[in-house]
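*Asks:* sequence plus the predicted model coming up.
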Amino acid sequence: MSDRRDFIGTALGAFAGLGALGALYAAKRTWDPLPSVKAAGFTTVDVSKAEENVLYTEMWRGKPVFILKVPKDAKPDEAPNGRDENAYEDPRLIKIGNDKFLVAIGLCTHLGCIPEYFAANKKFICACHGGQFNAAGEVLKAPPPSPLVIPPFKIVGTQLILGEEGPEYKQLKAQGLVA
Ligand code: FES
């Protein structure tokens, strides 16, 4: 009887171990950065492998830059300021191929903390003072006074070049949408 219990205990332990490994592997895939190349103030990121609703963070000139392939139903679960429109329609999103991306400096526009993205709720929450942004970086809840800032960028195929002003960036700038 005790042999049988030992066997069940061992089998359960092995099963739990496999489950933990699987969870670790899934988490690691999420942590893996997108392929990027850095050179003289520019960071080139290939977004072709980006997964929808997974936040990637690249460093550019010492600052974190958020890259998020925004899901088509990017309406936050709850929008404290009544701004519950679908973030996917936001004109600040950047079209690369058939997808739309948030590309923004990952620093809260209140006092510069790094907000965290909650994929299930499709919004960013800043732990410092409770500010919130939707998946397009627009403010859902103060105190942040303005949306997440879009850095200069250029698009070449599926490559996003941070630090260079391409036509898409200039267009957003002319519309007053980049800061
Ligand atoms: S720094 Fe983000 S809410 Fe204050």
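*Replies:* It's in.

*Asks:* so how far does stretch 100-114 reach from one end to the other?
*Replies:* 22 Å (CA to CA, to the nearest Å).

*Asks:* for Gly97, grab the count of nearby residues.
*Replies:* Counted with other CB atoms under 10 Å, the neighbours of Gly97 add up to 11. Where C-beta positions appear, they are placed from N, C-alpha and C, glycine not excepted.

*Asks:* give me the pLDDT for it.
*Replies:* Listed pLDDT for Gly97 reads 90.

*Asks:* closest to the centroid, which residue in this structure?
*Replies:* Geometric centre of the chain, nearest residue: Leu55, 2.6 Å, by CA atoms, centre = their mean.

*Asks:* in terms of contact, does it touch Lys69 like I think?
*Replies:* No. Using CB atoms under 8 Å, Leu55 is not in contact with Lys69, being 9.4 Å away.

*Asks:* residues contacting the residue nearest to the centre of the chain?
*Replies:* 66-68, 117, 119 (CB atoms under 8 Å, 6 or more residues apart in numbering).

*Asks:* try it again with 6 Å
*Replies:* By CB atoms under 6 Å, 6 or more residues apart in numbering, the residues touching Leu55 are 66, 68, 117.

*Asks:* pLDDT-wise, which helix or strand of the protein ranks last?
*Replies:* helix 2-31 (a mean of 50; mean pLDDT, DSSP states H and E).

*Asks:* what is Ile94 paired to in the beta sheet?
*Replies:* When bridges are called by DSSP bridges, Ile94 pairs up with Phe101.

*Asks:* close to the ligand: what parts of this structure are there?
*Replies:* 108, 110-111, 113, 126, 128-129, 131, 143-144 (CB under 6 Å from any ligand atom).

*Asks:* nearest to Leu93, of these?
*Replies:* Minimum separation from Leu93 among these (CB to CB) is found for Pro144, which lies at 18.4 Å.

*Asks:* ranking by neighbours, what's the top pick from the contacts of Leu55?
*Replies:* Going by other CB under 10 Å, Leu68 tops the contacts of Leu55 with 27 neighbours.
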